[in-house]
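> got a structure for you, letters missing:
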Ligand code: MEV
């Protein structure tokens, strides 16, 4: 028996980094997915196979996460060990991951993988609700990234266009906007935890400035929430540029990213970093009137593609 589940990547429209300190973020899941396929195997191991490598650990001990060599796989082993313990089984489990989401560029590939693996592994026993999946997926991701806000896993599980903050969790943004974004990849791979750590250092050295930027971010997110309801693309675009400026001030932009935003600004409604920054991707807000021109412009300097909001989130198949 195979248990298959898939979960989408995400983009952050507003509020990355500030969300770690309690501010609200606005994010949506995108039409690029990771699929996890799990099955029982006779060997007494948990085995993970993905295009980024293969790794296995014995199930003789269910307390050996420290032995995992490829750190990004630790959350998946955590999920499988937890399921084996809770269901007292003697078999091993093999998990195969297939991804359409480029890794390490701010599109939520690790959270989507945690969500897909949680649903797929537990689906071998009984299908979990989305609420239960997201709880375990966040715990799993925290085995390698303790400060993670949970925003990425939440949007990947529930899908759609949502707000998220640490206190209230996930909130639906009622209008079902049909927004189109161009994602341009700077090809500068980042490590989210390192960039989050850098921002913490910045905050500790610049408390007053950081508090002021948090207040500015809150105003941007409030205005963005109203503009989303009114589908005001011009306003949204200018708020994205303002948000990019805040991200520059906390030091998570790069020359390449600023160049991409500068070029995107010429034809799109607005553009900004999405996700942790330190490289990664930018998003540009477009519609039919300016999508082609923006793509042609950005393609000269980066890999890019058009994306739409995914409204389904986690899917079992
Ligand atoms: C990463 O996609 C988003 C950050 O805000 C970190 C987090 O929310 O956990 C940078």
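In hand now; what should we look at? Here the structure is a predicted model, which means the values were calculated and not measured. Numbers count the residues shown, from 1 in each chain.
> and the lengthiest strand in the chain, does that touch the ligand?
What stands out as the longest strand in the chain, according to DSSP state E, is strand 25-41. No - judged by CB under 6 Å from any ligand atom, strand 25-41 stays clear of the ligand, getting no closer than 6.8 Å. Where C-beta positions appear, they are placed from N, C-alpha and C, glycine not excepted.
> Just the buried residues of that strand, please?
25-30, 32-39 (16 or more other CB atoms under 10 Å).
> and that strand, what other elements does it pack with?
strand 2-14, strand 92-99, helix 109-122, helix 151-158, strand 161-165, helix 207-230, strand 303-308 (3 or more CB pairs under 8 Å, 6 or more residues apart in numbering; DSSP states H and E).
> Can you say which of those is nearest to residue 191?
helix 109-122 (10.5 Å; CB to CB).
> returning to what we had before: next helix or strand past the longest strand of the chain?
strand 45-50 (DSSP states H and E).
> buried set for the helix or strand following that following strand?
With elements assigned by DSSP H and E, the helix or strand that comes after strand 45-50 is strand 53-58. Using 16+ other CB under 10 Å as the test for burial, strand 53-58 gives 55, 56, 57.
> quick check, nearest of these to residue 274?
For the buried residues of strand 53-58, the nearest to residue 274 is residue 55 (29.0 Å; CB to CB).
> Show the contacting residues for the closest one.
47, 48, 68, 69, 70, 73 (CB atoms under 8 Å, 6 or more residues apart in numbering).
> picking up where we left off before, what is the nearest of the buried residues of strand 25-41 to the ligand?
residue 25 (6.8 Å; CB to the nearest ligand atom).
> Pull up the distance across stretch 163-182, start to finish.
End-to-end distance for stretch 163-182, by CA to CA, to the nearest Å: 21 Å.
> could you list every residue that touches the closest residue to residue 132 other than its chain neighbours?
Nearest non-adjacent residue to residue 132, counting by CB to CB, 6 or more residues apart in numbering: residue 122, 8.0 Å away. For residue 122, the contacting residues are 79, 83, 128, 132, 133, 136, by CB under 8 Å, 6+ apart.
> And the pLDDT for residue 122?
Per-residue pLDDT puts residue 122 at 98.
> now the one 5 residues further on
At residue 127, the pLDDT value in this model is 95.
> what about it, how many neighbours?
Look at residue 127: counted by other CB atoms under 10 Å, it has 13 neighbours.
> Quick check on the residue nearest to it when sequence neighbours are not counted: phi, psi?
With CB to CB, 6+ apart as the criterion, residue 127 has its nearest non-adjacent residue at 6.2 Å, and that residue is residue 316. When read as degrees, to the nearest 10, the backbone of residue 316 gives phi -90, psi 140.
> correct me, but residue 316 touches residue 7?
No - in this structure residue 316 lies outside contact range of residue 7 using CB atoms under 8 Å: 10.4 Å.
> When the two are compared, which one has more neighbours?
residue 7 (34 against 12).
> quick one: pLDDT of the more buried one?
For residue 7, pLDDT reads 98.
> Just put the buried residues of strand 25-41 in TSV and tack on distance to residue 305.
Below are these laid out as TSV (distance: CB to CB, whole Å):
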residue	distance to residue 305
25	23
26	21
27	18
28	15
29	15
30	10
32	9
33	14
34	16
35	19
36	23
37	25
38	29
39	32
